[in-house]
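Colleague: Could you look at this predicted model? Sequence included:
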Amino acid sequence: MSTERTQLLDSLAADLLAATETLEPIAPLRDRVQGMDVNDAYRIQDTQLRAHVDAGRILAGRKVGLTSLAMQKQLGVDSPDFGFFFTDMVHHEDAQIAAGSFISPKVEPEFGFVLKEALTGPGVTREQAAAAIGEIYAAIEIIDSRIANWDIRLVDTVADNASCGAIAVGTKPLDVKVEDLGSVECSLLIDGEKQATGSGTDVMGDPVAPLAWLANVLGEQGVPLEAGQLILPGSFTGALPVIAGQSATADFGTLGSLSINFI
């Protein structure tokens, strides 16, 4: 990669870091780099990750996005993407979360997997990924875009940390076996009203599949998934916008639920 292109990608990472702080969105990145591809986008994402870690933030886990066929079709892709989140981005049951700390937040109901052992790809099988899952929690991802008006394509959202804003995760594990995850149903409620429902099979056909995919993609970069990390494998439903004064609930029926509040 030329020095000029490297400097350009680094400047876009700096622009996204600034947008995260100021909450002033920026123009789509795809129009600012000739022939921008997903490798460029992940380089921009990784530059931000390293900047945050250098500033003292602690990595809590990873999220997988674009796991539904509908979202992949919308962005013209045939695979998921991934991002990261830090301990100071993680909330819990009944959290009071400032809507104004985001640009244009939306919520998605998900599983939250806590790994009981490390996964190091490439070559991680579905069975190995399943065996590495420890406790399973109800989770909600708050997605947000530092790209103005959610005007994103794949390279935009990848560069923008897969549009991750924050995470909420329950404190009591769901009483469910890994082999039964595909049949679990979850509804997304806004202010107590059901807005969407999906099943585990809506998460890339199998909620464990995104975990294996993530371990292998990161493994190709020499990055393992560590024991104790929290992994969100993807949403049961489409994302819904939220504003101050609203609540969001991931309702897993008899298994339990997770609610957060926006203020």
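Modeller: Yep, it's here. Predicted model only: the values in this text are computed from it and were never measured. Numbering: from 1, shown residues only.
Colleague: Might one say that residue 248 is in contact with residue 108?
Modeller: No: in this structure residue 248 lies outside contact range of residue 108 using CB atoms under 8 Å: 9.3 Å. Yep, even glycine has a C-beta here, placed from its N, CA and C like the rest.
Colleague: and the helix or strand of the chain with the lowest mean pLDDT, how far out from the chain's middle?
Modeller: The helix or strand of the chain with the poorest confidence is helix 69-75; it has a mean of 73 (mean pLDDT, DSSP states H and E). Taking CA atoms, centre = their mean, to the nearest Å, one finds helix 69-75 lying 16 Å from the centre of the chain it belongs to.
Colleague: residues touching the spatially closest residue to residue 145 that is not a sequence neighbour, list them.
Modeller: Leaving aside its sequence neighbours, residue 145 sits nearest to residue 163 (CB to CB, 6 or more residues apart in numbering; 5.1 Å). By CB atoms under 8 Å, 6 or more residues apart in numbering, the residues touching residue 163 are 65, 83, 143, 144, 145, 152, 157.
Colleague: Check residue 189 too.
Modeller: 195, 247, 248, 249, 251.
Colleague: for it, helix, strand, or coil?
Modeller: When classified by DSSP: H, G, I helix; E, B strand; the rest coil, residue 189 comes out as strand.
Colleague: tell me the pLDDT at it?
Modeller: Per-residue confidence (pLDDT) for residue 189: 98.
Colleague: What separation is there between it and residue 118?
Modeller: 35 Å (CB to CB, to the nearest Å).
Colleague: Same question for residue 49.
Modeller: Applying CB to CB, the value for residue 49 to residue 118 is 19 Å.
Colleague: same question, residue 220
Modeller: 16 Å.
Colleague: again, but for residue 138
Modeller: The value you get for residue 138 to residue 118, if CB to CB is used, is 24 Å.
Colleague: Kindly report the same for residue 47.
Modeller: 25 Å.
Colleague: Comparing those two, which residue is more hemmed in?
Modeller: residue 47 (19 against 13; other CB atoms under 10 Å).
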